[in-house]
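# based on what follows, work out the 3D shape:
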Amino acid sequence: MKDLETIAKEIREFIENNISVFDDEIELLDDTNIFTSGLVNSLFAMRLLCFIEEKCAVTIPDEYIERENFVSINAMLELINKIRG
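Numbers count the residues shown, from 1 in each chain. So this is what the prediction gives:
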């Protein structure tokens, strides 16, 4: 099982490598709101969800598929931690 620090790094790299309009002036910190910063739209959020499920070997239940669980890397890490129990 991957540790949360490794997962955070992988999520950050996934976002930076898959956003064609990534703005170098926006610093992607673990608490950066990826929606309000304009980095992510809802379609990319679904790709991100699939990436997390694959990389973390988890299934995200439908009731957890809410925007607030994906607004930042920290929120995603909390979600992964919650799912893992």
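# check contacts around the residue nearest to residue 40 when sequence neighbours are not counted.
Nearest residue to residue 40, sequence neighbours excluded (Cβ to Cβ, 6 or more residues apart in numbering): residue 34, at 4.3 Å. Using the backbone N, CA and C atoms, a C-beta is placed for each residue, glycine as well. If a contact means Cβ atoms under 8 Å, 6 or more residues apart in numbering, then residue 34 has 15, 28, 40, 70, 71, 72 as its contacts.
# out of the residues you listed, which comes closest to residue 1?
Nearest to residue 1, judged by Cβ to Cβ, of the contacts of residue 34 is residue 70 at 20.9 Å.
# thought the closest one was touching residue 45?
Yes - between residue 70 and residue 45 there is a contact under Cβ atoms under 8 Å: 5.6 Å.
# more crowded one of these two?
Set residue 70 next to residue 45 and count neighbours by other Cβ atoms under 10 Å: residue 70 wins out with 23 against 15.
# against residue 77, how distant is residue 3?
Distance check for residue 3 against residue 77: by Cβ to Cβ, to the nearest Å, it reads 10 Å.
# who's more crowded, those two?
residue 77 (18 against 8).
# now the helices for the chain?
Under the criterion DSSP state H, helices of the chain are mapped to 4-18, 42-56, 73-84.
# what's the last one in contact with?
Applying Cβ under 8 Å, 6+ apart, the external contacts of helix 73-84 come out as 1, 4, 7-8, 11-12, 28-32, 48, 52, 56, 58-61, 64, 68-70.
# mind listing what's buried along that helix?
For helix 73-84, burial by neighbour count (16 or more other Cβ atoms under 10 Å) applies to 73, 75, 76, 77, 79, 80, 83.
# and the first one, by the same measure?
Of the residues in helix 4-18, those buried under the neighbour-count criterion (16+ other Cβ under 10 Å) are 4, 7, 8, 10, 11, 14, 15.
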